[in-house]
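[1] Sequence plus the predicted model coming up.
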There are 2 protein chains.
Amino acid sequence: MQQRSKEAVEKLRKNGVTPCLATFRVGENKSDLSYEKGLLKSCQSLDIMCERKAFPEDVAQEELLRNIAQANEDPQIHGILVFRPLPAHIDQAQVENAVNPEKDVDGMTAASMAHAFTGGGPGFLPCTPQACMEILDYYQIDCKGKKAAVIGRSLVVGKPAAMMLVERNATVTICHSKTENLREEVRDADIVLAAVGRAGFFDGSYFSPGQIVLDVGIHVNAQGKLCGDVDQTGAEAVVEAITPVPGGVGSVTTSVLLEHVVKAACAAVRKSW
Amino acid sequence: MQQRSKEAVEKLRKNGVTPCLATFRVGENKSDLSYEKGLLKSCQSLDIMCERKAFPEDVAQEELLRNIAQANEDPQIHGILVFRPLPAHIDQAQVENAVNPEKDVDGMTAASMAHAFTGGGPGFLPCTPQACMEILDYYQIDCKGKKAAVIGRSLVVGKPAAMMLVERNATVTICHSKTENLREEVRDADIVLAAVGRAGFFDGSYFSPGQIVLDVGIHVNAQGKLCGDVDQTGAEAVVEAITPVPGGVGSVTTSVLLEHVVKAACAAVRKSW
């Protein structure tokens, strides 16, 4: 994916355009900082510009919105990413929908949501679930008729992931905190997409042989190390394949995001012609 | 629901406003005609105006779009409903999104889709899945932690129904034509929402005791009678409760639609003040 993006960036530069991503971070959340750091490095390796905008934890909503409006207008900026969740005093939906859908490379506006739900229309798909699909595709895992369990129902991961798996002809079960017999639901699935946001939540007892596990979680554990929603050692002993943390879904998510930035830059060039 | 709408209509009339629904039908599809006939009757009983617009099967897309644009502009029209599916020569998505989301009482525009997916924002929910939820609510069926099987993945019913059931804390499995062991998936559920669009597809062997079955199908069978996706006699012998066809989900769908028209009229009045 990065090779593909690199070639497109090369072509854009020959046309005098440097793709540029603007990131918006509020506060100093550890996983935001770690994601931001990874993004900057990946942008540099592909010659994509990265404008990091950071705001204090108590930033006024108006201040944030004003900065997003500026980025919407700025022809040098092609993609906008807002680290979420935002602090409680901010109306997150309003901030999300303030982003121009054509620059919404993280798939968080209503237009992008409609795209994720219907499979068509303008906007980009949310990066994390799309990264999961890229991984399935890369390893040629055919979802048709397979049972998939998506654990988590967020708009960032769970719900769009479920829609994408249905699109790939899987029979999809959406599980969450109110699910009874979660262990059974997970064990019965051929493909497990873990997105509960709790470090090491799924121990080996949740899994069965032959399963493909996508671990979407990213946490810093008590030892200061990055880990996912799944206890990797326990799961690895049972399942067919599992994405590692770090270096799994998160890394691919970055590549998806950068591909969106490059595509947004290409679209802007096409539009200006 | 109709009583509620009736009272709101009364209030609107005192303000000089008659709620009005415009329906768009292409061709003479039997289920469209039956739906249209029911709608007209229900509109009359609630003193809602119904402007039926019918077009020949081979109508040009431009002609259809021109008429929708007129209805969008017409302040006397509060709700617009397009009978679907449209014939193959028409770009259905384009026609759907031509409707002003504020008049999209059937929940088919991208804005309404985003609403169905995220549970927020402008637009109305699609009527049929909302009718299913109204039925569950009316009979005080708590979905929390229950297993729900949605069979069908259309944007009109299956996908939004799945989202609404997840919102109500059910563990939802989305099944479709590529699902293996469909019988088992259906049998294991506490709540079954049948939306496959095939007359009598589910015989008694698909069901188990204690189940709640919502039959979304509406078909004309070989005997010229209306029937659903479920073989009612076979299912009734097994399950706890099942919606009849006719007189079940379809009737409530009409009430939901009319409530949307009334709400759209109220919103238009508020906006004009």
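    All right, it came through fine.
[2] what residues does stretch A:220-238 touch?
    Applying C-beta atoms under 8 Å, 6 or more residues apart in numbering or on different chains, the contact partners of stretch A:220-238 are A:30-31, A:34, A:151, A:194-209, A:211, A:213, A:215-219, A:242-246, A:248. (Each C-beta comes from the backbone N, C-alpha and C, glycine too.)
[3] Show me what the top helix by length along chain A is packed up against.
    If you go by DSSP state H, chain A has its longest helix at helix A:249-272. Applying 3 or more C-beta pairs under 8 Å, 6 or more residues apart in numbering or on different chains; DSSP states H and E, we find helix A:249-272 packed against helix A:2-14, strand A:20-26, helix A:30-45, strand A:79-82, helix A:127-138.
[4] switch to 6 Å and redo it
    Using 3 or more C-beta pairs under 6 Å, 6 or more residues apart in numbering or on different chains; DSSP states H and E as the contact criterion, the secondary-structure elements in contact with helix A:249-272 are helix A:2-14, helix A:30-45, helix A:127-138.
[5] least reliable of these going by mean pLDDT?
    The minimum mean pLDDT among the helices and strands packed on helix A:249-272 belongs to helix A:30-45 (a mean of 91).
[6] List the buried residues of that one.
    A:32, A:35-36, A:39, A:42-43 (16 or more other C-beta atoms under 10 Å in any protein chain shown).
[7] Pick out the residue closest to the middle of chain A.
    The C-alpha lying nearest the average C-alpha coordinate of chain A belongs to A:Thr128 (C-alpha atoms, centre = their mean; 2.4 Å).
[8] these two touch, right, it and A:Val157?
    Yes. In this structure A:Thr128 lies within contact range of A:Val157 using C-beta atoms under 6 Å: 5.0 Å.
[9] Tell me where the model's unsure across the stretch 151-273 of chain A.
    Along the stretch 151-273 of chain A, segments meeting pLDDT under 70 are nowhere present.
[10] those strands in it, which residues are they?
    Assigned by DSSP state E, counting those that start in this stretch, the strands in the stretch 151-273 of chain A fall at A:171-175, A:191-194, A:212-215, A:219-220, A:226-227, A:241-242.
[11] what lines up beside the fourth one in the sheet?
    Partners of strand A:219-220 in the sheet, by DSSP bridges, are strand A:226-227 (antiparallel).
[12] For A:Ala149, which residues are in contact?
    The contact partners of A:Ala149, taken as C-beta atoms under 6 Å, 6 or more residues apart in numbering or on different chains, are A:173, A:175, A:185-186, A:189, A:192.
[13] what's the angle between the host helix or strand of it and strand B:171-175?
    In the assignment (DSSP states H and E), A:Ala149 maps to strand A:147-151. Using axes from the mean of the first three to the mean of the last three C-alpha atoms, to 10 degrees, the direction of strand A:147-151 lies 150 degrees away from that of strand B:171-175.
[14] Mind listing the strands strand A:147-151 pairs with, and their directions?
    For strand A:147-151, the paired strands and their directions (DSSP bridges) read strand A:171-175 (parallel), strand A:191-194 (parallel).
[15] tilt between that strand and helix A:127-138?
    An angle of 150 degrees separates the directions of strand A:147-151 and helix A:127-138 when computed by the same axes, to 10 degrees.
[16] Could you dump the buried residues of helix A:30-45 into CSV with distance to chain B added?
    Listed next are the buried residues of helix A:30-45 as CSV, based on distance: C-beta to the nearest C-beta, whole Å:
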residue, distance to chain B
A:Asp32, 22
A:Tyr35, 23
A:Glu36, 26
A:Leu39, 25
A:Ser42, 29
A:Cys43, 29
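[17] TSV for those, including distance to B:Asn72?
    As requested, the buried residues of helix A:30-45 are arranged in TSV below (distance: C-beta to C-beta, whole Å):
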residue	distance to B:Asn72
A:Asp32	42
A:Tyr35	42
A:Glu36	44
A:Leu39	42
A:Ser42	45
A:Cys43	43
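[18] still on that earlier bit, okay, the angle between the longest helix of chain A and helix A:127-138?
    Here helix A:249-272 runs at an angle of 100 degrees relative to helix A:127-138 (the same axes, to 10 degrees).
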